[in-house]
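Participant: Model the structure of this input:
(2 chains)
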Amino acid sequence: MEILVCVRRVPDTSENEIQLNSAGNDIERDDLVYSINEPDNYAVEEALQIAAKAGGNVTVVTVGGDDDEEVLRREMAMGANHGVLISDDAFKGSDGRGIATILKAFVQKSHFDLILTGIQAEDGGAQVGGMLAALLDYPFASLVNAITVLDGGKLKVSREIEGGNREMNEIDLPCVLSIQTGINEPRYVGMRGIRQVASVEIPTFGASDLGVDTGTVGQAGAKVKRMDYFVPALGKGAEILQGSQEQIIDKLIELMKAKGGLN
Amino acid sequence: MLSSLATSIAIVYSTSDVLPFQEMSSIMLEALQSPAQTTYWLISGRVLFLVINLLGLACFSYIVTKRLTPLVRGEHDFRFDRPWIRLERLLQFWLGQWKHPRYRTAGIIHILIFSGFILLATRAFSLLILGISENFALPDSASGIGLAYQIVADYAATIVFICMVIAAVRRIVFKPARYEVPAQYGKGHKTDAIFLLALIAFLMFSESFFEATRVAMLAQQGHTEFLAAFSLSWVLKNALSSASLPALWNLHRGAYLLDVLTFYFLLCYRPFGIQFHVETSLFNVYFAKLDRGTVKPVRWGVSDEHLDQVKSFGVKKFEDFTWKHMLDFYSCADCGRCSDNCPANAAGRPLSPRFLTIKARDYSFQHYPMFGSPSNGTPLVGGIYSEDEIWSCTTCGACEEECPLMIEYIDKIVDLRRGLVDDGNVPKSIQKALKALESRGNPYGKMEKKKADWTRDKEFQATCDVKILNGDNAADTLYFVDSITSYDDRIQAIGRATARILDATGKNFGILGAAEKDSGHEVRRFGEEMLFMALRDHNVEAIKASGVQRIVTADPHAYNALKHDYKDVPPVEHISQVIAREVKSGNIKFNPVENADEVYAYHDPCYLGRHNQVYDDPRDVLDAIPGLKRVEMSRCRDRSFCCGGGGLMLFYEPKEEQRMGVKRVQMAAEAGANVIVTACPFCMVNMEDAIKVAGMEGKMTAIDLTELVDKQISRESAKTGRTEQFAESGKCLTV
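Facilitator: Numbers count the residues shown, from 1 in each chain, chains lettered A, B, ... in the order given. All right, here's what the predicted structure looks like:
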């Protein structure tokens, strides 16, 4: 099975203190460290596990710049067979639909049975997977937390629904799935693994390579434009209990009783 | 005795003409013969024993060759250096049985058995030869040495025999807990142990019986031969004094045959179990690891630059162990001392060093069988070991400290972890910390520019200005702070106390600030060698660039890393060593302890104590504080009980019944202490957590040595020339 995983490099939320810049239109990007978007990492692990069982190759692709090569290498160190960087000045400022359009062009140039994305990018809006499926006219399932390969070009996928329940679906290949975190335990990628793929050639495709109409993507083609970032004002209703541990516990029990949480 | 036997036979021969028994019956004639000269079921004794000897030796050689097969296939291990030191340690730990008395009863029994074996080796050898050649005697009993040896050997055999009985009684009646085999590790080892004890006891008995019958026969012929009074031979000889000559003769011949058979059976049986250590211990102790606190390289003989070419890291299959580590498996005597001292085992984690070894030994026996070809290549983790087992170790070194046979555990654990890391099998909580170490240089993922924030506390900054050695400032002493002290809100206090102490003693010191990355001590011990190397290389560069002449740290993990894992950095000291020296020279004086109810117990951090042998300095410092009452916990110094582990271990979520730290604070309470003094930031985290978990808040407190010193130091006496008075709060004022 040929599997494509669409990945993205994002500021690592656990290792950065995210602050707005003075203009308020972006976050402060000095001193940021980036890493693979965590849900994408689960998607790659899932792809590797499927390929290990069903055979085939795993390709990771990202739309970005030279810096983003880093995450492709990390996923290749994890075990992905190929990495592809899609990069063009004309792609800068693309909205979700723009990214999906670019990826669609790449998918159509090649052959993939299964396309995975993370459930959402940590700095994004969970748009690309669904849009890519629609543009390709492929079936789509979101919030996937288990995949079983069935005979006859089908998959059995489990989707996480409200309350932690699961919904089982059969889906035809080729298809696009957005992967929920927790579907597996992604393997560790050590320094050694990354060094071993450090010199592997990563092909780069631009707009002309993919035959993408630059008018439909990038800043020019974006129909969703980011206007502002803001930190929500502190609301009311939250109370921080003060005092010794015993006093805090007493107050908490009192409050819970008063609000009907305890009988 | 053997020699005397041979000689006495010769004497009997030479004098037989003049004996009053000229018309001796055929039995009588035979009574004077050696086993070589006699016949067994019409077979000449000489032929029979030649065959038994050759067969026995051939079997033993075959078995040992088979046992050596995996060692030949194992990884390299460089253990041939420093022969004099190795010889010295051989004399101390093997011949001198240095570690045995750590367990009093078992230790003394073992020393007696061991000495017995050493003393009886000559006799056993002579005895075997006697079956082939009646003229062989060593040493010559005509000499005083020969007689002395005879007496010593008689007593030795008796003592070994008695020790076997005592050991069996201990096993059967007293059942020391450390010999128990927990259900998850299979069935008990008692039967095998008793069987081996019985075999040795029988060997001692048959040797003595052979001797006793001979002397009894001679006695009946009017020859009185000396037997060591109350020895086993003496008792048996007296018991047999009324037996008829033919009966004695048959018993004598029979005893010899059984003795030889038992000897070879035991020799060939030993390599199948714990008694193999009789043969391997000599080599295991000689080739034992010499350098404390270090971790073996990924591959011996492969330099850091060439590590990229190594196909697989660490131990994944049995053959990835080094030959010495395989020898360790063979050498284990199953005494259980390692696990008895292992804090992970005590806390109910799925780790028992004893079974780490026993399981590997059994694997080796199973996969390298006596007949047929070896089957190998199966993964160890997931096979005989579980992942949790391998991550449960805090590398505290208690097992290694205790092992009388110098078996190594930490290097094996690290190698197994290297294998897991190489395959990507790392617990998620540790993955996050490793990832943060890679991108931010600390396991918390905190920003580099905030590394020196602990010095910017206003109150502190007003009293103590810590220089950042970033090119603009210079100093001769570097205070290597490390991650936890830099970033952890509680532990930052240790950093500030350390800085104030350095300041009070007039040290010209500074820190690296943002340029300092984690020492990587646990990164290496968690098996991520390449990341460790990157951190180390970065720090070495930064330290060199700072131009300092010495390094001080308050973190024993950083201390161990800088001392043993780093190369080409200035000499490093732990702050307790610095303080102890300043106290000794009179540079530091202390105010008396204010609260007379406080009783202090010092907890030895593993990487300061066991791994670096710094036991006395912190105690000397405590004892220099006037009015400080100090008690020792029963487990102290080299038997200190790990608090739960430092560095990345704080990120690991172990499966355990109880926290190690809880056990430790309970030990402190048992010792009558209400203040635990540590000298390690990780100990502090674990102890304070444990006090809460154990519900001992208000009854027990933990304080770092630096915090205590900072509190008690008399600033008036500190010969700094620039610090004078200090505020009530115990903080220094720089003027």
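Participant: need the residues of the stretch 1-150 of chain A near chain B, please.
Facilitator: Counting by C-beta under 8 Å from any C-beta of the partner chain, the stretch 1-150 of chain A comes close to chain B at A:D12, A:S14, A:E15, A:N16, A:E17, A:D31, A:V33, A:S35, A:M78. To be clear about C-beta, it is placed using only N, CA and C from the backbone, and glycine gets the same treatment.
Participant: Among the residues you listed, name the buried ones.
Facilitator: Buried residues within the residues of the stretch 1-150 of chain A next to chain B, counting neighbours by 16 or more other C-beta atoms under 10 Å in any protein chain shown: A:D12, A:E15, A:N16, A:V33, A:S35, A:M78.
Participant: Does the third one belong to a helix, a strand or coil?
Facilitator: So the one you mean is A:N16. coil (DSSP: H, G, I helix; E, B strand; the rest coil).
Participant: Contact partners for the residue lying closest to it once chain neighbours are set aside?
Facilitator: Closest residue to A:N16 apart from its sequence neighbours, by C-beta to C-beta, 6 or more residues apart in numbering or on different chains: A:L32 at 5.3 Å. Neighbouring residues of A:L32 by C-beta atoms under 8 Å, 6 or more residues apart in numbering or on different chains: A:P11, A:D12, A:N16.
Participant: Am I right that A:L32 falls within a strand?
Facilitator: No: counting by three-state DSSP, A:L32 is not part of a strand but coil.
Participant: Can you pull the phi and psi angles for it?
Facilitator: phi -80, psi 140 (degrees, to the nearest 10).
Participant: Equivalent analysis for B:M533, please.
Facilitator: Here is the backbone geometry of B:M533 (degrees, to the nearest 10): phi -60, psi -40.
Participant: any idea how far chain A is from the nearest residue to it once chain neighbours are set aside?
Facilitator: Closest residue in space to B:M533, ignoring its immediate chain neighbours: B:D304 at 6.1 Å, by C-beta to C-beta, 6+ apart. From B:D304 across to chain A, the span is 12 Å (C-beta to the nearest C-beta, to the nearest Å).
Participant: What's the biggest helix in the chain, counting residues?
Facilitator: Answering for chain A, as no chain was given. helix A:38-54 (DSSP state H).
Participant: wrong chain, I was asking about chain B
Facilitator: If you go by DSSP H, chain B has its longest helix at helix B:190-220.
Participant: can you count the residues close to residue 225?
Facilitator: I'll assume chain A. Counted by other C-beta atoms under 10 Å in any protein chain shown, the residues lying close to A:K225 total 8.
Participant: right idea, wrong chain: chain B
Facilitator: 17.
Participant: Need the three-state assignment for it.
Facilitator: B:E225 - assigned by three-state DSSP - is coil.
Participant: low-confidence ranges in the stretch 1-150 of chain A?
Facilitator: Residue ranges of the stretch 1-150 of chain A with pLDDT under 70: none are present.
Participant: Just want the residue of it that's nearest chain B.
Facilitator: Of all residues in the stretch 1-150 of chain A, A:E15 sits closest to chain B, at 3.3 Å by C-beta to the nearest C-beta.
Participant: Just list the residues touching that residue, thanks.
Facilitator: A:V33, A:S35, B:K435, B:A436, B:S439, B:R440, B:G445, B:K446.
Participant: My read is that A:I18 contacts A:D26, right?
Facilitator: No: at 10.7 Å, A:I18 does not count as touching A:D26 under the criterion of C-beta atoms under 8 Å.
Participant: out of those two, which sits in the more crowded spot?
Facilitator: The residue with more neighbours, out of A:I18 and A:D26, is A:I18; 14 against 10, by other C-beta under 10 Å.
Participant: mind listing what the more buried one touches?
Facilitator: Listed by C-beta under 8 Å, 6+ apart, the contact partners of A:I18 are A:P11, A:I27, A:E28.
Participant: can you do 10 Å?
Facilitator: For A:I18, the contact set (C-beta atoms under 10 Å, 6 or more residues apart in numbering or on different chains) comprises A:P11, A:D12, A:I27, A:E28, A:R29, A:L32, A:D123, A:Y229, A:V231.
Participant: Output the below-cut-off pLDDT ranges for the stretch 51-200 of chain B.
Facilitator: The model of the stretch 51-200 of chain B has pLDDT under 70 over residues B:136-142.
Participant: For the closest residue to chain A within chain B, which non-adjacent residue is spatially closest?
Facilitator: Chain B approaches chain A most closely through B:G424 (2.8 Å), counting by C-beta to the nearest C-beta. Using C-beta to C-beta, 6+ apart and skipping residues adjacent in sequence, the residue nearest B:G424 is A:R187, 2.8 Å away.
Participant: So what's the predicted local confidence for the one you found?
Facilitator: Per-residue pLDDT puts A:R187 at 95.
Participant: Show me which residues of the stretch 301-450 of chain B are close to chain A?
Facilitator: For the stretch 301-450 of chain B, the residues in contact with chain A under the definition C-beta under 10 Å from any C-beta of the partner chain are B:307-308, B:310, B:313, B:418, B:420-428, B:430-432, B:434-440, B:442, B:444-450.
Participant: Produce a PyMOL select command limited to the buried residues of those residues.
Facilitator: Burial among these is assessed by 16+ other C-beta under 10 Å; the matching PyMOL selection reads:
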select buried, chain B and resi 307+313+418+420+421+422+423+424+425+426+427+430+431+432+434+435+436+437+438+439+440+442+444+445+446+447+448+450
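Participant: hang on, the earlier thing: tell me which two in the residues of the stretch 1-150 of chain A next to chain B are the farthest apart.
Facilitator: Greatest spatial distance among the residues of the stretch 1-150 of chain A next to chain B (C-beta to C-beta): A:E17 and A:M78, at 27.6 Å.
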